[in-house]
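Student: take this sequence and fold it.
(one chain, ligands or ions: 1)
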Amino acid sequence: MDLILRQARLPDGQGPLDIGIVGDKVAAISPHINAEARAEIDATGQLVAPPFTDPHFHMDATLSLGLPRLNVSGTLLEGIALWGELKPLLTPEAVMERALRYCDLAVSQGLLSIRTHVDVCDDRLTAVEALIEVRKTVAPYIDLQLVAFPQDGLFRTANSEKNLLRALDMGVDVVGGIPHFERTMSDGTRSVLRLCEIAADRGLMVDIHCDESDDPMSRHVETLAAETTRLGLGGRVSASHVTAMHSYDNYYASKLIPLIAESEMNVIPNPLINITLQGRSDTYPRRRGLTRVRELRAAGVNVAFGQDCTMDPWYSLGSADMLDVAHMGVHAVPMTSREAMEWAFTSVTVNGARAMGLPDPTIREGGPANMVVLQARDPIEAVRLRATRLAVIKHGKVIARTEPRVAHLDLPNRAETLDPADYAPTAKDP
Ligand code: FE2
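Tutor: Numbers count the residues shown, from 1 in each chain. Here you go, the predicted structure:
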């Protein structure tokens with residue numbers, strides 16, 4: 001064997017188990033592997049999980065916080081305006097430098113699959129050119145997917161459609177859109193129809209910023225579901241955000257959710273951003289703005305949480321930590337049953353990969369040797385602690401390590417060393 005992880009726990013509760021790796025594949029999983037290995041990791045009691053996946057990000061804007069100024073109101077619309085001020089100042093070198101720094105951070109956090117939207121409303125396509133280069137550079141360790149995203153509207157700006165097609169010709173993977181930002185509802189509808197047709201013609205995936213709004217009349221997700229069914233696009237389509245669904249009346253939602261399930265499209269909420277950008281014009285009570293995660297799950301829809309932003313015109317926080325995203329999802333939805341908190345972990349691993357059209361990343365014999373060793377015993381503890389990534393493994397090689405988090409107490413008459421997991425419950429939940 002090339003590498004053996006000893007006595008690990010898996011996300012489904014199995015363990016302790018040894019995981020044996022040969023080359024870039026998991027060769028064996030059993031209670032004890034009686035073999036030598038070139039390297040071993042003692043994972044006793046630790047959770048070993050598939051790498052994290054972020055199916056919704058904006059890598060062209062990441063780490064640009066404060067350029068050329070800060071978002072004073074904190075709103076989505078000022079964020080879009082601010083990005084419009086920064087766009088003409090972008091250079092390929094600057095976009096690449098920020099993106100590669102972000103990718104380093106992502107690897108350290110065990111985040112190895114990222115779908116990023118790339119603005120195509122700049123006639124120079126600076127960010128597209130830069131991120132195609134970045135995709136090539138990080139390919140050995142990150143699956144980076146690019147979405148051609150007409151940030152200022154497909155029909156609202158002169159060259160958007162032409163630029164979107166140019167970006168796809170250059171090798172961008174996915175067709176994006178923003179129907180709620182078009183001038184009118186009918187333009188929004190037309191944009192969804194056009195974008196789905198482009199994707200169907202070219203055999204591509206679709207990922208639309210859909211109804212990222214508090215407007216209960218913003219109902220483009222209905223059109224997207226219908227077009228997905230009509231064109232047979234199924235799991236190749238994702239509706240991102242869908243925050244307006246929070247504000248739909250229950251009767252309409254009860255008609256809509258089965259249409260989404262029938263279409264087999266994915267839904268990608270972004271809890272960190274949705275909870276901060278939505279409901280801002282409300283007085284009180286104030287809407288949380290997150291889509292109906294529980295109801296979508298119950299209908300069998302693949303729901304995968306995304307991060308959306310890290311230190312950019314829309315969000316000044318973030319750290320490429322998908323456990324932070326899952327943690328916010330648990331609170332903001334809210335969903336605090338044991339089953340739902342475990343699901344939140346699955347949402348930022350397996351479900352994200354499915355939304356991106358990637359192979360199933362579940363750790364299994366014969367599967368890819370891509371995994372993260374977490375300083376936690378199970379998925380709920382990983383979410384609770386935003387657990388330290390002790391080791392990140394890609395293609396069978398350890399590509400990042402972090403020291404375990406340990407607190408050294410120096411109190412009067414007491415000196416102690418604490419592992420955060422010491423505070424795990426000792427009794428089994430009923
Ligand atoms: Fe977004």
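Student: tell me how many other residues crowd residue 299.
Tutor: Residue 299 has 17 neighbours, counted by other Cβ atoms under 10 Å. Every C-beta, even on glycine, is put in place using the N, C-alpha and C of the backbone.
Student: pLDDT value on it, please?
Tutor: pLDDT, residue 299: 98.
Student: if we ignore the residues flanking it in sequence, what's nearest it?
Tutor: Leaving aside its sequence neighbours, residue 299 sits nearest to residue 261 (Cβ to Cβ, 6 or more residues apart in numbering; 4.2 Å).
Student: helix, strand or coil for residue 301?
Tutor: On the three-state scheme (DSSP: H, G, I helix; E, B strand; the rest coil), residue 301 is labelled coil.
Student: can you give me the end-to-end span of stretch 191-211?
Tutor: Using Cα to Cα, to the nearest Å, the gap from the first to the last residue of stretch 191-211 comes to 13 Å.
Student: coming back round to it: helix or strand for the residue nearest to residue 299, which one?
Tutor: Following DSSP states H and E, one finds residue 261 within helix 250-263.
Student: in that helix, which residues are buried?
Tutor: 253, 256-257, 259-261, 263 (16 or more other Cβ atoms under 10 Å).
Student: got a list of what residue 362 touches?
Tutor: 50, 350 (Cβ atoms under 8 Å, 6 or more residues apart in numbering).
Student: centroid residue for this protein?
Tutor: residue 54 (2.3 Å; Cα atoms, centre = their mean).
Student: list the contacts of the helix or strand harbouring it.
Tutor: Assigned by DSSP H and E, residue 54 belongs to strand 52-57. With contacts defined as Cβ under 8 Å, 6+ apart, strand 52-57 is touched by 106, 109-117, 207, 238, 240, 266, 268, 270, 304, 306-310, 320, 322-323, 325, 348-353, 355-356, 358, 361, 372.
Student: among those, which are located in helices?
Tutor: Using DSSP state H, the subset of the contacts of strand 52-57 located in helices is 106, 322-323, 325, 350-353, 355.
Student: for the residues you listed, which one is nearest residue 382?
Tutor: Nearest to residue 382 among these is residue 323, at 6.0 Å by Cβ to Cβ.
Student: what's the closest non-adjacent residue to that closest one?
Tutor: Counting by Cβ to Cβ, 6+ apart, the residue nearest residue 323 is residue 386, at 4.5 Å.
Student: confirm for me that that neighbour is in contact with residue 321.
Tutor: Yes. Applying Cβ atoms under 8 Å, one finds residue 386 in contact with residue 321, separated by 6.0 Å.
Student: who has more neighbours out of these two?
Tutor: More crowded of residue 386 and residue 321, by other Cβ under 10 Å: residue 321, with 24 against 19.
Student: hang on, the more buried one packs against residue 110?
Tutor: No. With contacts counted by Cβ under 8 Å, residue 321 stays clear of residue 110, the gap being 9.2 Å.
Student: check the offset of stretch 179-186 from the chain's centre.
Tutor: Remark: stretch 179-186 is offset 25 Å from the chain centroid, using Cα atoms, centre = their mean, to the nearest Å.
Student: ah, wrong one, I meant stretch 72-87
Tutor: Worked out by Cα atoms, centre = their mean, stretch 72-87 lies 22 Å from the chain centre.
Student: buried residues, that stretch. List them.
Tutor: Within stretch 72-87, the residues scored as buried using 16+ other Cβ under 10 Å are 76, 79-80, 82-83, 86-87.
Student: and the contacts of that stretch?
Tutor: Contacts for stretch 72-87 (Cβ under 8 Å, 6+ apart): 61, 64, 67-69, 71, 119, 121-122, 151-152, 181, 212, 276-277, 280, 312-314.
Student: with just CA atoms, put it into PDB.
Tutor: The C-alpha trace of stretch 72-87 is given here as PDB (Å, rounded to 0.1, in the frame of the first residue of the first chain):
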ATOM      1  CA  VAL A  72     -21.500  51.000   2.700                       C
ATOM      2  CA  SER A  73     -25.200  49.800   2.600                       C
ATOM      3  CA  GLY A  74     -24.300  46.100   2.600                       C
ATOM      4  CA  THR A  75     -27.000  45.400   0.000                       C
ATOM      5  CA  LEU A  76     -26.900  43.100  -3.000                       C
ATOM      6  CA  LEU A  77     -27.600  46.100  -5.300                       C
ATOM      7  CA  GLU A  78     -24.700  48.200  -4.000                       C
ATOM      8  CA  GLY A  79     -22.500  45.100  -4.300                       C
ATOM      9  CA  ILE A  80     -23.400  44.700  -8.000                       C
ATOM     10  CA  ALA A  81     -22.800  48.500  -8.500                       C
ATOM     11  CA  LEU A  82     -19.400  48.300  -6.700                       C
ATOM     12  CA  TRP A  83     -18.400  45.300  -8.800                       C
ATOM     13  CA  GLY A  84     -19.300  47.400 -11.800                       C
ATOM     14  CA  GLU A  85     -16.800  50.000 -10.600                       C
ATOM     15  CA  LEU A  86     -14.000  47.400 -10.100                       C
ATOM     16  CA  LYS A  87     -14.600  45.600 -13.400                       C
END
